[in-house]
Structure formats: structure tokens, C-alpha cells
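Chemist: need coordinates for the following:
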Amino acid sequence: MTGMPVVKRISALFLALLLPLSVSAENTVEVLPTSAPMPAPVINKNDYAFEDLEPFYEQYSQDTPYMKPALTETEKQRLSEALRRFDAGERPETGILNRMDNITLSLIQLPDGQYEGENWYLILPGRELRDSELLQLVDAFREAGIRFRADMLNWHNCMRGGAVAETRSLKSDERERYSALGEQFFRGGLRPETPYTASVTDDGIGCVTLSDDAFNLFSSQPYFSFLPARRLTDEELLQFYAWNNPGQESSPNEINNYETRLRQELNSRLGMPLSAVRSIDSERIDTFDNYWGDNRKTYSAAFEAQSGESGRSWRGDIDVSTGKLICAAVITDPSVSMENGPRSDIRMDPWDSRWSLIAEQTVTSLWTDDSAEISRVQSWGEASANGLSFCAKIRIIMTDGAVCEAYVSYLTDTVLWIDYYDAVSIELLDKYSDYEYGRRADSDNE
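Modeler: Numbering: from 1, shown residues only. Down below sits the predicted model:
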């Protein structure tokens, strides 16, 4: 959804046969057929097994080879030269084995018995490998005791171009325990006995950060997480939660006060009932860095209306030092967040003044904060309603500099959702964002 900061996690997995070291006395290299299909790994499954990603990768055509877990055809052709150079004694200036930070290319060694028979995982960039990188690849595998061949790679032991963000997602029982542990982490001061480590080689759980070259423009994942094909313990889940919530030193009483203040702010500015239910595992205390340099310390949480009420949902961030709302959103039409919501190709004039009137009336009905009122209303062109339909984007500017951006459906003549920004965050958003959902109107609709 446009304008709403959302933490996205994409589920992914891996596996392939680990081939033995095989080097001929003449150091010759077999040139593999370029049309050979990707080898299918043989996997023994359990309740925490990796999802079969072969159907997922079938969507990528020959036009997007840098999203597939394999070498490209030209890389396969150039591989023989890299092997020849290596066999002649040439070595890369830097290695890539178990490289973890800001990586473009890395071979990660996996602990035995945790990754469905895999002992390594290769991360490839979202572009063509350079000759020097092919040599690094050959060198890393040799350091791991393996003679590299292009046909060793498949979805189970390789990720390319940020196509997926993790080996697997948490299973239902792990998600439930993760949420319960998160509540105890925030509200009861529960902490792991030992800290989380990003290294995968020690306990099978870890995370690497990707350089800009490592993920394709089609992806927005600057990291890759390793979760083994086994049940995670409570301690491991708690470690992971603590790692995802750094710098959390607030007392349970402070957390309660933050939540109360956020509820009051969402109530007075976006019409949230004080009785709304806080969503499990939605709380965060962190530096607010969503908008390029805004480093205020914030408390954030999400809420849902009580059962039988409007079906609306809210999320928001407050500055813990002032208690003021920084960024927030309300989904006024729940269908906009549903994959199977109403679809429509209807296109209308987004500059029609009636959309501004609908948006202004809706914001007025939600806004009860006497410290600010509507200053002016602007049309900002057309936007997509979660890929389901089209809508008009209306910016409503308040007298304190805050902004409500309302998205009005052509299909229903109602506001689908509203994004809220305080004066600081909207200034940064406008300064650094492309913001290409429509050209701003030259004149305001008063």
C-alpha cells in the first residue's frame, strides 16, 4: 500500500546434491550443455521443511535471468576459463567464503543436519558475474573442498538477485511462540540467555546483509535470513526477537504509558476508538528512520477495531520524548488489504473536485484534535489501490503542518485508507521520495 511503511518478509528455501570433489589429472573441465534444465533436489521432508520454490521460479522468463538460482548461459560459458585460471595457480585478491556483511557474492557454509542435506548456500548478485567474481566463486568452493560445477545450483542451495529473503518462514506454532515471547520481551522484561549471532555456521541461524548489486531492481530485500529445517527453540526465537528490537531498554510501565499516548493520538487524529485491540507482536521501540534522517526515538504499534465494529485498522508511531504522532495510517475499507478484494479497471478524472470533497469530509469526521484544523486540500493525481483498482489521491494539509493523504476509490466513492505524516516526516518524504503517483496540482482546492 502506497505510503504505509510495511515490514515485508518473503518466504524462500533451498536444496541440491552436494557433489564430491572431482578433478581429473589433466585439470580439464567438462563444458556443460547450456540448455540443461535446473536439477531437481531430492529432499526428505519434515514439519519444518523448506517450501518447494520451483513453481515460484518458473515465473521468471529468459528476460530475467538474474533472479534465477543459477548461472546465466554466458556465465556458464565463461566458467571454464575461470577454472583454467584457477588450475594454473591464479587466486582472487579477496575471498567470498562465509562473507556476511554488505555482500555481493558469498558462499555460506551450513552446519550438518539442519538444511535438508545441504552443507553450503550460494548468494549471487542481480547482475552478470565479472571474470574476477567467477574466480572468487571457484576459489570459495575449492576452499570448502568442492570442485564447482554450474549444474550444482538450484533453488534449494542458491538465491540470486534478492528473489527471496529467507530459507523459510516461521511455521504457525513458531509464529505463535514468537508473538508470545515478544509480549514477554516488551511487557515482562524477558531476555535471551545468550545473544543472537548473525553467523550461520555456529547454530544454523543467521542473516547476511546484501549490497546494492546483490539484489535486483525487482526486489527490495537488502538482507537474507537463514532458518534451518527444524523446529526453532524458544531461546532461539527470543534471540531473534531481541535482535529485531535493538536498544529496547524501556520498562514495562514506560511501555504502557507509550501505548496509552499512541492510543490517544490515533483517537484524536484518525478516529481510532480507545477500545481498539492492539495487534499481537506489533510493538516496536526504535529509531524512526523511515524517512531519510528522521532519527527520533519512537514507539509504534498496530490496532484493530473490536469484533463486530467497523473492521478498520490503525498503525502509528509516536515520538517517545514528546508523545506526539509522527506517522500513522488507518485502513477505512478492509477490502483494500485483501488479495481477493474488489477489482476494477475503472479510470476517472483524479482532479475532479468531488474526490477532494469526499476526502475532506472523511478526515473531518475522524479528526477531533482542537490543536489543529484543515488548512487546505490538494489533488495529487491517481494511485493504485493495492493493485486491485484505481483511486484519487488527495492531500489534506493541517494548520500545524501535518498532512493526511486520503485515497478515494473510483469504484465506491469512499476513502479506502488515510496516511498521516507530521510536519517533519512529510517534509523529508517530499524531499527524498520520487512520489510519482501524479503531478501536484498547480492550484489548491479551497
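Chemist: residue 201 in helix, strand or coil?
Modeler: Put simply, residue 201 is helix when judged by DSSP: H, G, I helix; E, B strand; the rest coil.
Chemist: and the pLDDT for it?
Modeler: For residue 201, the pLDDT comes out at 90.
Chemist: buried sites along stretch 423-432?
Modeler: By neighbour count on 16 or more other C-beta atoms under 10 Å, the buried set for stretch 423-432 is 424, 425, 426, 429. To be clear about C-beta, it is placed using only N, CA and C from the backbone, and glycine gets the same treatment.
Chemist: er, stretch 57-67 I mean
Modeler: For stretch 57-67, by 16+ other C-beta under 10 Å, it's 57, 60, 65, 66, 67.
Chemist: doesn't residue 379 lie inside a strand?
Modeler: Yes: counting by three-state DSSP, residue 379 is located in a strand.
Chemist: where do the strands sit along the stretch 301-446 of the chain?
Modeler: Taking DSSP state E, counting those that start in this stretch to define them, one finds strands in the stretch 301-446 of the chain at 313-319, 325-331, 374-385, 389-398, 403-409, 415-421.
Chemist: equivalent analysis for the stretch 51-200 of the chain, please.
Modeler: Per DSSP E, counting those that start in this stretch, the stretch 51-200 of the chain carries strands over the ranges 106-109, 120-124, 158-160.
Chemist: out of those, nearest to residue 78?
Modeler: Nearest to residue 78, of all the strands of the stretch 51-200 of the chain, is strand 120-124, at 14.0 Å by C-beta to C-beta.
Chemist: helices or strands up against the closest one?
Modeler: The contact analysis (3 or more C-beta pairs under 8 Å, 6 or more residues apart in numbering; DSSP states H and E) places strand 120-124 against strand 106-109, strand 158-160.
Chemist: what about the shortest one, distance to the chain center?
Modeler: Relative to the centre of its chain, strand 158-160 is centred 17 Å away, using C-alpha atoms, centre = their mean, to the nearest Å.
Chemist: how many residues are close by the residue lying closest to residue 269 once chain neighbours are set aside?
Modeler: Computed as C-beta to C-beta, 6 or more residues apart in numbering, the closest residue to residue 269 that is not its neighbour in sequence is residue 369, at 5.4 Å. For residue 369, the count of nearby residues is 17 (other C-beta atoms under 10 Å).
Chemist: hmm, residue 369 is touching residue 268, no?
Modeler: Yes: with contact defined as C-beta atoms under 8 Å, residue 369 counts as touching residue 268 (4.1 Å).
Chemist: can you give the domain ranges for the chain?
Modeler: As given by automatic domain parsing, the domain ranges for the chain are 1-245, 252-432.
Chemist: rank the ones you listed by pLDDT, which is bottom?
Modeler: Among those, domain 1-245 carries the lowest mean pLDDT (a mean of 81).
Chemist: quick one: the helices in this structure, in order.
Modeler: In the chain, the segments counted as helices under DSSP state H are 54-57, 73-87, 131-143, 172-187, 200-203, 234-244, 252-270, 353-366, 423-432.
Chemist: of all these, which one comes closest to residue 281?
Modeler: Among the helices of the chain, helix 172-187 comes nearest to residue 281, with 4.0 Å by C-beta to C-beta.
Chemist: ok and the closest one relative to helix 252-270, angle-wise?
Modeler: Here helix 172-187 points in a direction 100 degrees away from that of helix 252-270 (axes from the mean of the first three to the mean of the last three C-alpha atoms, to 10 degrees).
Chemist: nearest to residue 413, of the helices of the chain?
Modeler: helix 353-366 (6.3 Å).
Chemist: measure how far the closest one is from the centre of its chain, please.
Modeler: Centroid separation for helix 353-366 versus its chain: 32 Å, with C-alpha atoms, centre = their mean.
Chemist: in JSON lines: the buried residues of stretch 57-67, plus distance to residue 255.
Modeler: What follows is the buried residues of stretch 57-67, written out as JSON lines (distance: C-beta to C-beta, whole Å):
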{"residue": "57", "distance to residue 255": "43"}
{"residue": "60", "distance to residue 255": "44"}
{"residue": "65", "distance to residue 255": "48"}
{"residue": "66", "distance to residue 255": "44"}
{"residue": "67", "distance to residue 255": "41"}
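Chemist: for those, work out which two are farthest apart.
Modeler: Greatest spatial distance in the buried residues of stretch 57-67: 57 and 66, 12.3 Å, computed using C-beta to C-beta.
Chemist: name the nearest residue to residue 72, ignoring sequence neighbours.
Modeler: Per C-beta to C-beta, 6+ apart, closest to residue 72 is residue 65, 4.6 Å.
Chemist: for residue 413, same thing?
Modeler: Nearest to residue 413 is residue 358, by C-beta to C-beta, 6+ apart, at 6.3 Å.
Chemist: give me the neighbour count for that neighbour.
Modeler: So residue 358, with other C-beta under 10 Å, has 19 neighbours.
Chemist: what sits against it?
Modeler: 406, 408, 413, 414, 415 (C-beta atoms under 8 Å, 6 or more residues apart in numbering).
Chemist: and the third one, how far is that from residue 359?
Modeler: Translated: residue 413. In this structure, residue 413 lies at 11 Å from residue 359, with C-beta to C-beta, to the nearest Å as the measure.
Chemist: look at those two and report which has more neighbours.
Modeler: The neighbour comparison of residue 413 against residue 359 (other C-beta under 10 Å) goes to residue 359, with 26 against 10.
Chemist: what's near enough to touch the more buried one?
Modeler: With contact set as C-beta under 8 Å, 6+ apart, residue 359 has these partners: 377, 392, 394, 396, 406, 408, 415.
Chemist: now swap in residue 179 and tell me
Modeler: Residue 179 neighbours (C-beta under 8 Å, 6+ apart): 280, 281.
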